[in-house]
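Participant: Pasting a predicted model and its sequence here:
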Amino acid sequence: MDPASQDINLNSPNKGNSMDPSDNMADDQAEGAAANSAHPLPPGLTEEEAEELRLELTKVEEEINTLRQVLSAKERHASELKRKLGLSPLNELKQNITKSWQDVQTSQAYLSASATLDDITHSEAYKKTQETLSEAGQKTSAALNTLGTAISRRLGDMRNSPTFKSFEDKVGNLKHKVVGPRGNGDAVSSPTDTTPTHENPPF
């Protein structure tokens, strides 16, 4: 076997095999004979027609593989060009989204929907609904203001009531008993506080 005619791709299933076309045809004929025994011919198809179809299928599959390789090479080349131009996939995605949004905005469906919305916003029913909702909002706001005023007044009345004053005095007395006669600005020391006081100097 001539080394020049051997397949040098180590991952190829044909590595070390001869690339002589007559060998391939012999293999195809052997495969065809095996295929015939495994798969009977459909009715109305002769052996010659089946052989022609098999050859055509083989050619088409080879063309598909060639086109895949060409496409792959073109995609690699395109990505290399994009890389050199500084185009990242994120930039492409932004451009695609922008273009898609522009396409949507110029589409007949979008323009029709926009026109319909304009018609709705200028319709008498829309204006009446908008006025009603605005009026309801104003009434709700006024009611909430009145309620807030009433609650504030009621809390003020409660604070001035004798019961609340009595309660406030009791809390004040309790505070005086717990804290002692210190002024409001003095800090209360915690029983677990370990910082030295002026009464207990460290020396």
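Facilitator: Yep, it's here.
Participant: mind listing the strands for this structure?
Facilitator: In the chain, no strands are defined using DSSP state E.
Participant: mind giving me the domain ranges of it?
Facilitator: Domains of the chain are assigned by the TED database as 48-106, 124-172.
Participant: got the end-to-end distance for stretch 151-168?
Facilitator: Terminal residues of stretch 151-168 are spaced 20 Å apart (C-alpha to C-alpha, to the nearest Å).
Participant: Low-confidence ranges, this structure, go.
Facilitator: For the chain, the stretches flagged by pLDDT under 70 are 1-38, 181-203.
Participant: same thing but at 50, please
Facilitator: Residue ranges of the chain with pLDDT under 50: 1-8, 10, 15-19, 21-22, 25-26, 30, 32-36.
Participant: circling back: between the domains of the chain, which one is nearest to V178?
Facilitator: Smallest distance to V178 across the domains of the chain (C-beta to C-beta): 10.6 Å, for domain 124-172. From N, CA and C alone the C-beta is placed, and that goes for glycine too.
Participant: on that earlier part again, so which of the domains of the chain gets nearest S112?
Facilitator: Counting by C-beta to C-beta, and looking across all of the domains of the chain, nearest comes domain 48-106 at 11.9 Å.
Participant: just checking, what packs against the longest helix seen in the chain?
Facilitator: Taking DSSP state H as the criterion, the chain has its longest helix at helix 47-85. On a contact count with 3 or more C-beta pairs under 8 Å, 6 or more residues apart in numbering; DSSP states H and E, helix 47-85 meets helix 21-38.
Participant: cutoff 10 Å now
Facilitator: helix 21-38, helix 89-106 (3 or more C-beta pairs under 10 Å, 6 or more residues apart in numbering; DSSP states H and E).
Participant: Which positions within it qualify as buried?
Facilitator: For helix 47-85, a neighbour-count test (16 or more other C-beta atoms under 10 Å) marks A50, R54 as buried.
Participant: so that helix versus helix 89-106, what angle?
Facilitator: Helix 47-85 and helix 89-106 are oriented at 100 degrees to each other (axes from the mean of the first three to the mean of the last three C-alpha atoms, to 10 degrees).
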